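Peer 1: I'll drop the sequence and a predicted model, then ask my questions.
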Amino acid sequence: MEKRPLVWLSAAHSSAPIRGMLETLWSLIDFDFGQPLSLFPNIPDAAKVGVLALPENVEADLPQLEKWLEALGMIYWVAIAPQKPHNRTATATANLIVRYCSDFHTQPVDGERLNTVLGHLWGMASIKEASSHANLHDYGDLALLGSSSAIQNVHGLLRRFSATLEPVLITGESSTGKDASARFIHNNSIRANGPLIFVNCAALPSTLTQSELFGYEKGAFTSAQQSHPGRLEQANGGTLVFSGINELHLEQQSALLRFLQEGEVQRVGSNTRISANGRVIATTTQPLQELVAVGLFRSDVYFRLGNLEVILPPLRERCEDIPTLAHALLDASLPGMEQKRLSSAAMHCLINHSWPGNLQELQNRLRRGVLLSERPKIEPGDLGLRPPGAGRAQPSNLSLQAFRDQADHQALLCSLRLSNNNLSEAARVLKISRASFYRLLEKHTDHSSSKNAHQKPASKGDTT
């Protein structure tokens, strides 16, 4: 029987008798927390449990040791502590064990008891991991299902980030599983029993940012008939998810920065500061460093959010997961109707489609297929797709000017999106004068659309 992996974290390679006993039952993976830390040490995904062999003087190694514990990201840790730690380090040892460990043993260690505890925790970790995958259906978002290397890398990061309370930034196109990833981190963290609060940044008006995020006291303004805690306060002891944080204006980012720096909130109409220690997760459809480069996102906010980042792959980069996703979505869609399956031609079309709408588009096409198909199997036409190469017409205009016009049009749309339709800002993004920008705008929009371009369109929010 293959040995299960067990992480052994100590100040140096230990030759303790208990280690020799464990080596006969487990495959030990050694780490020395006195050595420099690579950001994420290379450990097998199957490793779920670790032993933390504590030195007598924990206080001297505490900062480096905590970095190792968070980076390794074991689901469960068991500590081995000195029998009689120095009085001045007893508190540091106790705090470390309470914060990171599920059990502890003191020297000399009862090997049989330790092995029983490790085996029990291994079983608990396996059940917890299986449960988290099974519950993906409850999230209403199956984007994390799959066995491709791209999504398995995401799973590994999500598990490791669940073991720390540091802010996490989740970047990905619309409908690639950003909200589901945030729920995964919360549900597998030590705050799983705390509140999970989502803030839709696209729907957060600038004028209501303070009251929505920080709350308000009774009488703070005309309609404040009673005191109300804000989202930051509601997430105390749990997790706060800023969904679509790239939608926040600069002044809204300034309000958020105060909370990220101080961990406190002050309700509108109050002089009292309230502690709020909600763990922050932010999602974005646009890489924040690109927005920082063009002055549309504060660098100090980005640096507080972007230390731990998960980049979700679009569906077109994980085509091998499409059969799994398609079958799962068919099982979950339109309950009560006749179950239908995909023909081989339909599956071929799904795998070869570019999926600009990612999982939401896949779900919509499958629902269409279920409703329109008059046969037990869904065919490409039911999905609104054609087999690759079928009916492909030659472009009517292959001139160089046509390609240049298309590039100008795309640049115009991109700059307006990045600047939230602020024309002066869009001109700066493209590094052209306002006059040149207006000429470009008039060329590629009709009169009514250019007239309305000065007004910011209502944000529809991001389907994550």
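Peer 2: Arrived safely, thanks for sending.

Peer 1: Distance check, the spatially most central residue of the chain against residue 63.
Peer 2: By Cα atoms, centre = their mean, the chain has its centre lying nearest to residue 170, at 3.6 Å. Distance, residue 170 to residue 63, using Cβ to Cβ, to the nearest Å: 27 Å. The C-beta positions use only the backbone N, C-alpha and C, and glycine is treated the same way.

Peer 1: hey, where'd the helices end up in the stretch 101-250 of the chain?
Peer 2: 111-134, 149-162, 178-187, 209-214, 231-234, 250-262 (DSSP state H, counting those that start in this stretch).

Peer 1: Deepest-packed of those helices, please.
Peer 2: helix 178-187 (a mean of 24; mean count of other Cβ atoms under 10 Å).

Peer 1: quick check: angle from that helix to helix 149-162?
Peer 2: 40 degrees (axes from the mean of the first three to the mean of the last three Cα atoms, to 10 degrees).

Peer 1: What helices and strands are in contact with helix 178-187?
Peer 2: helix 149-162, strand 168-171, strand 196-200, strand 239-243, strand 279-284 (3 or more Cβ pairs under 8 Å, 6 or more residues apart in numbering; DSSP states H and E).

Peer 1: Can you redo those as JSON lines, where the extra columns are distance to residue 329 and mean pLDDT?
Peer 2: Supplementary listing: those in JSON lines, determined by distance: least, Cβ to Cβ, whole Å; pLDDT from 0 to 100:
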{"stretch": "helix 149-162", "distance to residue 329": "15", "mean pLDDT": "90"}
{"stretch": "strand 168-171", "distance to residue 329": "22", "mean pLDDT": "96"}
{"stretch": "strand 196-200", "distance to residue 329": "23", "mean pLDDT": "91"}
{"stretch": "strand 239-243", "distance to residue 329": "22", "mean pLDDT": "94"}
{"stretch": "strand 279-284", "distance to residue 329": "22", "mean pLDDT": "95"}
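
Peer 1: As TSV, the ones you listed with distance to residue 28 would be great.
Peer 2: Supplementary listing: those in TSV, determined by distance: least, Cβ to Cβ, whole Å:
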stretch	distance to residue 28
helix 149-162	20
strand 168-171	30
strand 196-200	36
strand 239-243	34
strand 279-284	32
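
Peer 1: Tell me which of these sits nearest to residue 299.
Peer 2: strand 168-171 (13.6 Å; Cβ to Cβ).

Peer 1: So what are the sheet partners of that closest one and their directions?
Peer 2: strand 279-284 (parallel), strand 308-311 (parallel) (DSSP bridges).

Peer 1: if you compare these, which one is most tucked away?
Peer 2: strand 279-284 comes out most buried of those by mean count of other Cβ under 10 Å, with a mean of 26.
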